[in-house]
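Q: Need coordinates for the below:
(one chain, ligands or ions: 1)
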Amino acid sequence: MRIDVVSIFPEYLAALDLSLIGKARQDGVLDVRVHDLRSFTTDRHRTVDDTPYGGGAGMVMKAEPWAQALEAVLAEAPAAPRRPTLVVPSPAGAVFDQAMAHEFADLDHLVFACGRYEGIDERAIDWARAGFDVRPVSLGDYVLNGGEVAVLAMVEAVGRLIPGVVGNPESLVEESHADGLLEYPVYTKPSSWRDRDVPEVLLSGNHARIAQWRRLEQFHRTADRRPDLLAAVDTTALTKAELKALREAGFDVVDGRLTRTTH
Ligand code: ADE
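A: Model (predicted):
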């Protein structure tokens, strides 16, 4: 997969040299290129921002440097059947989640436009629609100072879904959000630590019991921490055995929604 990132702080993206993403780059699985937006300016001060029309606090990124940078990215884009996707990190975007990570992982070419200040002149975003599939994307309902941190998070979440990036693909199956639930708690040696014991079932060697315990822990944890995810569970997909175990553990289906009735 080819990834281009345009930013006024290219050094921010140096973290993409590290760990599994760095290794994937070395192995040629990911081709990541970082571009300095200022190198696409033409004035002496390498200006990328100006005051907002209509007034208000802060500065807005000028359209022209963005058009220049994105044209350069397009000019160097590898031939591909689909046009590149331009991800514009913004608190005003659609919220990034695991489903979106999977969607992006299937693409050949992702381009990230890291805005700073109050954002990018909307005309640049509109202009980019001629050459890119444009996707304004938010990391969550809070405000960062710019898109760089969001890009680090998205590249990691997307990159690890690409075959060959994570050594053991099994680890992608049993993790939070893989099935709409949070992951079960995990433990390692020693079995007793500071008066805390690993749950007995995990030492039993009984794989069916372990699997069932983990599954119920997923439901309990999701009910505690993310009741919104619990409410979204497709209850028609639950097996009879699962429903029975869930009822015994204090859950029930009420009006089609999985609900915890006791603690
Ligand atoms: N830029 C500023 N805040 C952001 C957020 N929440 N997500 C993505 N990009 C951002």
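Q: So which residues of this protein form helices?
A: Assigned by DSSP state H, the helices in the chain fall at 19-26, 63-75, 98-105, 122-128, 148-159, 207-225, 227-231, 240-248.
Q: List the contacts of residue 158.
A: Applying CB atoms under 8 Å, 6 or more residues apart in numbering, we find residue 158 in contact with 101, 104, 105, 110. Any C-beta I mention is one placed from the backbone N, CA and C, and that applies to glycine too.
Q: where does this structure come near the ligand, residue by residue?
A: The chain has residues 89, 90, 91, 138, 139, 140, 142, 143, 144, 146, 147, 150 near the ligand, with proximity defined as CB under 6 Å from any ligand atom.
Q: top of those residues by neighbour count?
A: Neighbour counts for the residues of the chain next to the ligand, by other CB atoms under 10 Å, peak at residue 147, which reaches 29 neighbours.
Q: which strand in the protein runs the most residues?
A: Ordering each strand of the chain by length in residues (DSSP state E) puts strand 85-95 first.
Q: pull the CA atoms of that one into CSV?
A: The C-alpha coordinates for strand 85-95 follow below in CSV (Å, rounded to 0.1, in the frame of the first residue of the first chain):
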residue,chain,number,x,y,z
THR,A,85,-8.4,8.4,-1.1
LEU,A,86,-7.6,11.7,0.6
VAL,A,87,-8.2,11.4,4.3
VAL,A,88,-8.5,14.9,6.0
PRO,A,89,-8.2,14.5,9.8
SER,A,90,-10.6,16.9,11.4
PRO,A,91,-12.8,17.0,14.5
ALA,A,92,-15.6,17.7,12.1
GLY,A,93,-15.2,14.4,10.3
ALA,A,94,-16.9,11.0,10.5
VAL,A,95,-15.5,9.1,13.5
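Q: Please name the bridge partners of residue 134.
A: Residue 134 has the following beta-bridge partners by DSSP bridges: residue 86.
Q: That one: what's it in contact with?
A: Contact partners of residue 134, counting by CB under 8 Å, 6+ apart, are 85, 86, 88, 125, 128.
Q: Check residue 263 too.
A: Shown in contact with residue 263 (CB under 8 Å, 6+ apart): residue 250.
Q: For residue 209, give me the pLDDT.
A: As predicted, residue 209 sits at a pLDDT of 97.
Q: now do the same end-to-end measure for stretch 51-68.
A: Criterion CA to CA, to the nearest Å; first-to-last residue distance in stretch 51-68 is 20 Å.
Q: ugh, wrong one, stretch 163-176
A: End-to-end span of stretch 163-176 (CA to CA): 19 Å.
Q: Give me the contact list for that stretch.
A: Outside stretch 163-176, the residues that touch it by CB under 8 Å, 6+ apart are 20-21, 23-24, 27, 29-30, 159-161, 178, 182-183.
Q: What residues of it count as buried?
A: 165, 176 (16 or more other CB atoms under 10 Å).
Q: Check stretch 192-201 too.
A: By neighbour count on 16+ other CB under 10 Å, the buried set for stretch 192-201 is residue 198.
Q: Report the contact partners of residue 233.
A: Listed by CB under 8 Å, 6+ apart, the contact set of residue 233 reads 180, 181, 257, 258.
Q: Residue 145 too?
A: Contacts of residue 145 were listed using CB under 8 Å, 6+ apart, and they are residue 116.
Q: Distance-wise, check it relative to residue 130.
A: Residue 145 sits 29 Å away from residue 130, taking CB to CB, to the nearest Å as the criterion.
Q: Same question for residue 160.
A: 32 Å.
Q: Neighbour count: the two, which is higher?
A: Ranked by neighbour count (other CB under 10 Å), residue 160 and residue 130 place residue 160 first, with 19 against 9.
Q: And the more buried one, what's its pLDDT?
A: 94.
Q: Same check on residue 118?
A: Per-residue confidence (pLDDT) for residue 118: 92.
Q: shift numbering so it begins at 450
A: New numbering, starting at 450: the last item is residue 567.
Q: Not counting its neighbours along the chain, what's nearest it?
A: Excluding the flanking residues, the one nearest residue 567 by CB to CB, 6 or more residues apart in numbering is residue 507, at 4.0 Å.
Q: Could you do residue 520 as well?
A: Using CB to CB, 6+ apart, the closest residue to residue 520 is residue 580 (8.0 Å).
Q: Nothing else from me, thank you.
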